[in-house]
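Chemist: Predicted model, plus sequence, below.
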Amino acid sequence: MEAERQGGGEGGAESNNSETSLFPLFPFSANPSPLDPSSSGGPRWLSNPSFTFDVSSLPGGGGGDTLREEPGSPDSDAEASGAAAAARDPTSTRPPLSYDLVPSSPSASSEDERHPKPKERRRRKRKREKERLDDGAPRKSGVRAWAGSDTKSAKDYYFDAHGDRDNLAFGCLYRMDIARYKFQNYGETYGTNFWALYRSRTSAINMDVEGDHDVLDSKLKSGGRYYSAKFTTLERNKGFKNIKFANRMISSMIPEDFVPLSEPHSSGSAPSKNGVLEESWEDEVIRRTREFNKKSRDYPHDEKIWLAFAEFQDKIASTQPQKAARLQMLEKKISILEKAVELNPNSEELLLCLLKSYQRRDSTDTTIEKWEKILIQHSDSCKLWKEFLLFCQGDFSQFRVSKIRRIYAQAIQALSSAADKQRRQGSASLQLADSSLVQLELGLVDILVSYCRFEWQAGYQELATGLFQAEIEYSLFCPNLVLSSNSKQRLFEHFWRSDVARVGEDGALGWSSWLEKDEQNRENITSEDSSAEKDVGGWSGWFELSSNKNATCKEPEVPAESDIDDKKSNENLDSEENLDTEEIPPADDIEVLLKKLGIDIDAEPNSEVKDAETWNRWSKEELLRNNEQWMPVRENAGKTGQPVSTHSPDNSDKGDDEQLSRVILFEDISDYLFSLSSEEAHLSLVCQFIDFYGGKVSQWMNTNQSSWIERILSLETVPDSILDDLRVVFQLVNKSRDSSSHFMLENLLSHTSISSGTNMMKFLRNVILLCLDVLPRNHMLEEALLFAEELFASKMKSSACSVNPSRSLAKTLLKKDRQDFLFCGVYARSEAAYGNIDMARKIFDMALLSIDALPMDLRENVPILYFWYADTEIAMSTSDSNTELSSQRAIHILSCLGSNMKYTPFNGQLSPLQILRARQGFKEQIKSMRPAWARGAIGEYSIAFICVASLFEMLTNDWSTGVQIIEEAFLMVLPGRRSQSLQLECLWVYYIKVLERHLKQLKFSRVWKTTTEGYQTYPYNPKSFRAILEVTCLYSVSSKVRCLFDECCQRYPSVLMCLFALSFEVGGTGSKHRIHSLFERALANDKLQKSVLLWRCYLEYEANIAHNLSSARRIFFRAIHACPWSKRLWLDGFQKLSTFLSAKELSDLQEVMRDKELNLRTDIYEILLQDEMPT
C-alpha cells in the first residue's frame, strides 16, 4: 500500500522504494487494508495521512464511526508501525484502520465522499498538477534541495529563521522546509522505548474539545505551528495523549544518593516495564485517583498521601473552565480532607488544609465558627492559633483593633493553661531542648512578640513597650515562691500599681528584688512600732496619756479637714466656671474665628480640609509623633484618681487627655501574662526583645524554623543586618554603571520606624543589664549590651573618636565576674573594632592565661575564645601593612590550642615542631567529635573548633585544605539534621565567608554548586542570596540567577527572596516588567500577601521610581485591604499620593483609620491652627 501511495503521489520512480517515505515525519503502515474504501477507487496518494490528517477538521462531538489512524514514530518503518499497532490491541477484532477524506460535515454520506462534485474534482486536480510542476522548484530562496533527494547540496543544513507560517498542521509539513533528522532513541540506554511524542485518540467522538478552534480566524490558524491560538487550544485538548517519563529505578541512582530503608508505597497501577506512561489527561486523572484511593486505604495514617490527594484536586480544578466544575472539585477536596481529619484528628497540616478549603467556599463568619470549633478541640496548638490570628488580621471587612486584642488574649490564655497543666503533670523534662513544654513556651513567646508587633504597627507603641516590660518582670524576675496563677497575678498587680521603677527604667531592681526590699521595709516598720510600744508601756500594761495622744488622734480629724478642703476646692471650681462663662465670646465671634481658620460649621462633615498638602503635612507630623512617643507614661493614681484603661478590649471610648491614653494600667496587660520555666524560652524572649527595639544580637534561632519566617513576614522595615547584605549586593551590581542612572537603595528599603535614638538605646541597655542577672555569662547578651552602650554614649557625646564608648561599662562588668572569659573576648573584639588592637591583644592574652584557674565546666568554651583571637588577627592583617606578623601571631595562637599546650604570648618566633603537633592534634580531636556529631550533639564550642582547624590549615598549608576540613565536617551529619541545626548554619555562614575571600581562585562550577546547595539547605538565610548574587556579579550569569529566583518563588516563597531579587533587578538592567512580575508573583502567595514590607516596597517603586501614580494608587488600596493593621502603610499613602488623591479621598481615608481603631495622635485642626499662627 505504501508503494501504491508513493506511486500515485510522486510517480513510478519512487514506487519501488518502500522504505523511504515522502513525508518522514508521519510514516504509515506497510500492510494495505483490504476493506479500505479509498483503496478501491480514487487516487491512492490521498490515503497518505500527511494529506488527510487535518486536526482543524475534527468534529468536537457527534455521531460517526469514522476511525483515524494514530501517527507512528518518526523514525520507525512500516513493519515497526504495524507491530506497535498489534501490540496495543492484540485481541481486538475490529476491522483494520482506514483512511478517509476530510469530511465536509458530520452528516455527509459516504457516497458523496467517494464521488465528489465535478467542481471539487477539478479543483483538486489542478492542485495536484501544480504540486507536480513545483516538484523540482525550490519553495524558498534559501532551500535548493529536497529533504529526501539524493542530490548532494552545497550545505548540509539550513536555518529556518522565519518559521513555517504556511504549514496548516503538524502532520502537513512541507517537505522542503523540514530538516533531515532521526530521533535519538534514548530508550535503548535506559531500557525504554520512546516511540512517539504526541498521540491522538483513536476516535474523534471521545475528543472533548474545550475551545472552538474551528471558528478561529484564518490568520490565527496559520500564525504559527507552535504558538498560534489554534494549536495552543489543541495541545490543551484532553483527547491527546502525551509521553511521560517514569521515575528511574534505585539501581540507576547516583552512588552518592542514599538508599531508603523502607520501601516506597506501592501504587495501584505501576508504569510499564519500559518506564513510559502514554496517557491523556483523562487517563491520568483516572489512574492517579485510583492510586490515591488505594494508598489512602493501605496507609490511612500517612498525612502526606492525603495532602497529595487534596492537592491533586486543585490541579484538576485548574483545568476546568466552568466555575461550577471548580466548585464541585472543591467540594470533593473538602470531603477528602474531612475523611483524612477523621482518621488523623491530631494532624495540624490536615486541619490547616481543611480550614483553608473552608475559607474558599464559605463566608467569613462561617469560617470563623469552624476555626473556633477546631481551636476548642486543639487549644494547645501554637501553629493553629498563629494561622487563625493571621486570618483574622487580614480580614478587612471585620478588622478592628479591639477584636484582634480579644483573640490574642484568648490564644495566650489557652496556651498558658496548657503549659501550666503540663507543669503540674510533670510529663515533660525541662532538660530536653525538644520537649513539648519547651516548644509550647517558645510558641507562647512568639505569639506575645507577634502581638507586641501588632500593637506597635497599629500605633499603640506604649502598650507594646508595657507588654514587654510586664512579661519580662513576670517571667524572668518572678519571686521564688510557690504560688498559683491567680495569686501570682494579684501579687504582680500590687507591684505594677506601685510607683517603683520597672525594667528598662532608671533605678529598676526587678520584681523579686523589689518584693524582698518591700517585705524588709514592712518588717522594719513593724519592729519599730513594737519596740515603741514596749518602751512606753508600764509594768501593768497601762500607759499614760502623753503628747502621743494628739498624734494618735489625728486620724479621726482627717475627714473634717478633708471636708473643708473639698468645700474650698468646690468654691474654687465654681469661681473658675464663672470666669470661664464670662470669657466665652458670642456665637458670632466663634463663627468668625472658625471662618478665619478656614473651617465652615455649616459645611458637610469631612470637607473642612480642601487642600491635599494639608493632609501630607498631617501625615508627617503623625509619623514624627509615632516615632517619638513609645515609652509609657507613669502617672500617680492618687492625684488624678483611678484612670480608665483606654487599651482594654471592652473599652472603645478614648479619653480627651493625651497623657492619659499613654498610661498602661494593669488591666491592659493582665490578660497577656504567662509564666516561663525553661532557659530556652527566657533567652528567646530577651533576644526577640533586643531585636524588636533595634539592638544588635547574634543569630539565636535557625532560619528554617517557623519563628524566623514569621518574624520576617511581620516586618514593616528591613533590619540593619539584612540591609547590610542588600547594600553589598546593590553596590556589586552597580559597580560598573553610572551612579546617576540608578537610585539609592535606602530610598526603597531603609524605612526607620523604630528610632535608634538615645532614649531607646538607654532603655535597651538597662533591660539587658538587669537580664544578665538571670542569664549570666551569655556572650550574645553581653555583645548586645556593649553595642547599645556604644550607640547611647556616641549619641550623647556626638563626636567621633578612637576611644571605645563602652570601655567603662565593660571594665565594671569584668570587676564583678573575673571568670567570664567569653566576655573578655567580646570586650576585646569591641576594642579592636575601634582600632585599639594593642589593648585588644592585652585583653585576649589576659583571658587565655587565666584559663587554668577556671572550673572544668567553663573550659569547654575555650575554642571560642581562641577562634575570636585568631580571627581578629586575620582581620587586622588585611587592613594593616604588617600582614606577615599578624599571620604568624594567628598561627601561634592556633597552634597552642591544637597542641593542647598552655598559652604563652607571642614572642615573634614560630616552632615548626609545634605546628606539626598542632596539625596532628586537630586531626585527632576532630576524629573524636564524630560520634557526638552523628548523634546530633553539636555544641557551639565544637563548631568553633572546626573553624579553628580550618583557619590553621589555610595559614600553614593551603586554603583548599582548610575548605576541605569544613566540607568533611558537614558530611559527619545527616542532611535532615543539617538543615535544622543552628550551630551548623553558623558553620555554613563561616564557610561562605571563606569562599568569598578566595572567590577569584575557584572555578565557577564549584562555586555555583556550593552556593546553590547552601541555598537549598538554608533558603531563608540572607547570606544564601548574598553569596549567589556575588557569584553572579563576578561571572556575569544573570540568566542563571533569574531562573533560580523563579524556582525559589515557587518552592520557597519568602520576603527575603523578593528583596534580594528586587535589589538585583533595580540595581542592574532589570526591566520594569520583570520587577512587576516579581512583585505580583510574590503577592499572589497567601502568606506573602500579608507582608507589610512587600507592599511598602511595591508602593515606593511605583510612586518614586516608576513614577506611575495611577498604578501606585491601585497598589495602595490593595495593600490596605490586605494589611489594614499597619498604620505606617496608611501614612505612606498620604505622603506618596497626596498629589494624586483629592482632599476628600484623604479625609475619607482618615475616617476609615479611625473606624479600624488605629491610634491617631494628631488632629487635623492642629495643622490648620499652625497655618494661622504668626511666624
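Modeler: Arrived safely. Residues are numbered from 1 along each chain as shown.
Chemist: quick one: buried residues of stretch 333-353?
Modeler: Within stretch 333-353, the residues that count as buried by 16 or more other C-beta atoms under 10 Å are Lys333, Ile334, Ile336, Leu337, Ala340, Val341, Asn344, Ser347, Leu350, Leu351, Leu352, Cys353. C-beta: built from backbone N, CA, C; applies to glycine.
Chemist: wait, the third one sits on Gln313?
Modeler: Spelled out, that is Ile336. Yes: the pair Ile336 and Gln313 qualifies as a contact (C-beta atoms under 8 Å) at a distance of 6.8 Å.
Chemist: Tell me the one of the buried residues of stretch 333-353 nearest Tyr1020?
Modeler: Leu352 (19.6 Å; C-beta to C-beta).
Chemist: Now that closest one: which helix or strand?
Modeler: If you go by DSSP states H and E, Leu352 is part of helix 348-361.
Chemist: go on, Glu279?
Modeler: strand 276-280.
Chemist: can you check Ala464 too?
Modeler: Using DSSP H and E, Ala464 falls in helix 461-476.
Chemist: Residues contacting that helix, please?
Modeler: 448, 451-453, 455-456, 488, 492, 495-496, 502-504, 510-511, 626, 629-633, 647, 662, 664, 668-669, 672-676, 681-682, 685-686, 689, 692, 767, 771, 774 (C-beta atoms under 8 Å, 6 or more residues apart in numbering).
Chemist: can you rerun that using 7 Å?
Modeler: The contact list for helix 461-476 (C-beta atoms under 7 Å, 6 or more residues apart in numbering) reads 448, 452, 455-456, 492, 496, 502-504, 510-511, 629-632, 647, 662, 664, 668-669, 672-673, 675-676, 682, 685, 689, 767, 771, 774.
Chemist: same thing with stretch 349-356?
Modeler: For stretch 349-356, contacts defined as C-beta under 7 Å, 6+ apart pick out 303, 306-307, 310, 334, 337-338, 340-341, 344, 370-371, 374, 384, 387.
Chemist: Keeping just the C-alphas, turn it into PDB.
Modeler: What follows is stretch 349-356, C-alpha atoms only, in PDB (Å, rounded to 0.1, in the frame of the first residue of the first chain):
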ATOM      1  CA  GLU A 349      -1.300  20.100  58.500                       C
ATOM      2  CA  LEU A 350      -4.500  18.400  57.500                       C
ATOM      3  CA  LEU A 351      -6.500  20.700  59.800                       C
ATOM      4  CA  LEU A 352      -5.000  23.800  58.200                       C
ATOM      5  CA  CYS A 353      -5.600  22.500  54.700                       C
ATOM      6  CA  LEU A 354      -9.200  21.800  55.500                       C
ATOM      7  CA  LEU A 355      -9.700  25.200  57.100                       C
ATOM      8  CA  LYS A 356      -8.200  26.900  54.100                       C
END
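Chemist: Past the helix holding Leu352, which element shows up next along the chain?
Modeler: That would be, after helix 348-361 and using DSSP H and E, helix 364-377.
Chemist: Check which helices and strands that next one is in contact with.
Modeler: helix 348-361, helix 382-393 (3 or more C-beta pairs under 7 Å, 6 or more residues apart in numbering; DSSP states H and E).
Chemist: Go through the shortest one and flag the buried ones.
Modeler: Of the residues in helix 382-393, those buried by neighbour count under the rule 16+ other C-beta under 10 Å are Cys382, Leu384, Trp385, Lys386, Glu387, Phe388, Leu389, Leu390, Phe391, Cys392, Gln393.
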